[in-house]
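Asks: Pasted the sequence and its predicted model underneath.
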Amino acid sequence: MRGRKPKPPGLSTRQLRQYDGGPPARLPACPPHVQGEARKEWFRLGRKLLEFGLVTEIDKTALAVYCQAWGRWLEAEEQLTRFGTVIKSPNGYPIQSPYLPIANKAMEQMTKILVEFGMSPSSRSRVSQAPQQTPARLQHDDLPREERDPREILRALS
């Protein structure tokens, strides 16, 4: 198809889900292999996607791939900051850091998945929400203990 992809009918911008009294929305369980910064990103981004109705259990793999790429990108960027983009080879010649292609590949992967979830300016208008029958509020029990916000507990109790 040539030109811009058409917008879904009636969708000009993404909007928060509306609560209709159904069971609470839940973020898919974080896979055990997603650790460290990637795990933090799972819960940070997952909450936002859940608010807009853009993630379900079936999206677990795509979100895991994005989070793993995020973690690799952060690690590679830290090493690039530490050692630079050009290093000396064992023979003394300047060569490209091995962390540079790792960072670039992770950025490519993240960009592709961001588009799938409608998180780039150009793709935002092409994403449609699935009809939701659950509230946007993420249940506190869905988060691991270290990810829970104590302010959220207080809000739930009041």
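Replies: Happy to help now that I have it. No experiment lies behind these values; they were computed from the predicted model shown.
Asks: Surely residue 69 is in contact with residue 106?
Replies: Yes. Applying Cβ atoms under 8 Å as the test, residue 69 and residue 106 come out as touching, 4.5 Å apart. For the C-beta atoms, the positions are set from N, CA and C on the backbone; glycine is no exception.
Asks: And the next helix or strand past the helix ranked longest in the chain?
Replies: Criterion DSSP state H: the longest helix present in the chain is helix 60-83. Going down the chain from helix 60-83, the next helix or strand is strand 86-88, by DSSP states H and E.
Asks: And that following strand, what does it pack against?
Replies: Contacts defined by 3 or more Cβ pairs under 8 Å, 6 or more residues apart in numbering; DSSP states H and E place strand 86-88 against strand 94-96.
Asks: For the strand it packs on, name the packing helices and strands.
Replies: Judged by 3+ Cβ pairs under 8 Å, 6+ apart, strand 94-96 is in contact with strand 86-88.
Asks: which residues are in contact with the strand it packs on?
Replies: With Cβ atoms under 8 Å, 6 or more residues apart in numbering as the test, strand 86-88 has contacts from 94, 95, 96, 97.
Asks: Of these, select the buried ones using a PyMOL command.
Replies: To isolate the buried members of the contacts of strand 86-88 in PyMOL, using 16 or more other Cβ atoms under 10 Å:
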select buried, resi 97
